[in-house]
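# Using only what follows, build the 3D model:
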Amino acid sequence: MPCFAYFLHCFFYTRFVGLDWGLPYPMHPDERNMASALQSLECPTGSSIKDCFNPGFFAYGQLPLYVGFALVKLWQLVTNIPLHASIGFVEATMALRIISVCASTLALYFVVGIVHRLSNKKKLDSTATAITVLLWTYAPYAIQFAHFGTTESLLMALYAGIVLYSIDIVHTHHSNRAVLIAALLAGCAVATKISSLLFLPLPFMAILASKDRAKLVSFATFIVFTGIFAALLSPHNIISYQQFLSAMRYEVGIGQGTVVAFL
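Okay, the predicted model is just below:
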């Protein structure tokens, strides 16, 4: 397995080296917006539920912002910085990039699992695994997204996980565990970006094609738990629904060309 170990070393090199590119300058507009939203997170004593950890930014969900916030506070705790200290732009950006690079690593795990499932072998095929690691290691878009503090790398990992557990749903007689994990991943995806609702048809089709006789129960389980996880991990989409709807109208307007963002 020395060849596989070499590929794995190359993977970590291409993902973790150079994460501080461009800093302290805001080189990526989406990353800058997310970092600014992360910096604005606070919950002062006596604040209302609508003001508590409300990023005031709904182009993306709150999941990556909350995880990034937790990472920054953990860093402040380790380095003896007061937890009430303000969050700097560099800290916020690095936290978001760490999420992206960890997501890229998780995506590799899921992709290897998909290849293993599709091979119909009981043990991992070392050759197929090495080729998968090699291709994912040097995929330009995967390297690029891992170095951006945006949602793309995280969404790739979550979708790969949904694909993996959708395969399990199809090929197992008792797919309750796979359905719940797929619901968790789908809920995380929706909590990351609302357009991830487009990921849901795949688990639906997997349940329909599964060997499980209680398909209606599986459908209901998946829908309910996806909704629960999405609501818990991006709560202000519901708590501050008016702000959320306003932001969605704006984003849809830009996509349709009815709103001119730049002149």
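# On the three-state scheme, Met205 is what?
helix (DSSP: H, G, I helix; E, B strand; the rest coil).
# Is there a neighbour count for it? I'd like the number.
Applying the criterion other Cβ atoms under 10 Å, we find 13 residues in the vicinity of Met205. Any C-beta I mention is one placed from the backbone N, CA and C, and that applies to glycine too.
# That one and Ser166, how far apart?
8 Å (Cβ to Cβ, to the nearest Å).
# got a list of contacts for stretch 158-171?
Contacts of stretch 158-171 from elsewhere in the structure, counted by Cβ atoms under 8 Å, 6 or more residues apart in numbering, are 103, 106-107, 110-111, 113-114, 117-118, 175, 178-179, 181-182, 185-186, 188-189, 192, 196, 199, 202-203, 205-207, 209-212, 218.
# Restricted to buried residues, select these in ChimeraX.
With 16 or more other Cβ atoms under 10 Å as the burial test, the buried ones among these are selected in ChimeraX as follows:
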select :103,106,107,110,111,113,114,117,175,178,179,181,182,185,186,188,189,192,196,199,202,203,206,207,210,212,218
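# Mark which of the contacts of stretch 158-171 are part of strands, please.
Helix and strand membership here follows DSSP state E; of the contacts of stretch 158-171, not one is in strands.
# Return the set of buried residues in the top helix by length along the chain.
Secondary structure of the chain read by DSSP state H shows that its longest helix is helix 89-119. For helix 89-119, the neighbour count (16+ other Cβ under 10 Å) marks 89, 91-108, 110-117 as buried.
# Repeat that for stretch 64-74.
Applying a neighbour-count criterion of 16+ other Cβ under 10 Å, one finds Pro64, Leu65, Tyr66, Val67, Gly68, Phe69, Leu71, Val72, Lys73 buried in stretch 64-74.
# quick one: which of these is nearest Leu154?
Ranking the buried residues of stretch 64-74 by separation from Leu154, with Cβ to Cβ as the measure, puts Pro64 on top at 6.1 Å.
# angle of the helix or strand hosting that closest one against helix 89-119?
For Pro64, the element it lies in under DSSP states H and E is helix 63-78. Per axes from the mean of the first three to the mean of the last three Cα atoms, to 10 degrees, the angle that helix 63-78 makes with helix 89-119 is 120 degrees.
# elements contacting helix 63-78?
Packed against helix 63-78, as judged by 3 or more Cβ pairs under 8 Å, 6 or more residues apart in numbering; DSSP states H and E, are the following elements: helix 29-39, helix 89-119, helix 176-192.
# Arrange the buried residues of stretch 64-74 in CSV, one row each, with pLDDT as further columns.
Compiled in CSV, those are given as follows (pLDDT from 0 to 100):
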residue, pLDDT
Pro64, 97
Leu65, 97
Tyr66, 97
Val67, 97
Gly68, 97
Phe69, 96
Leu71, 96
Val72, 95
Lys73, 93
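# Many thanks, have a good one.
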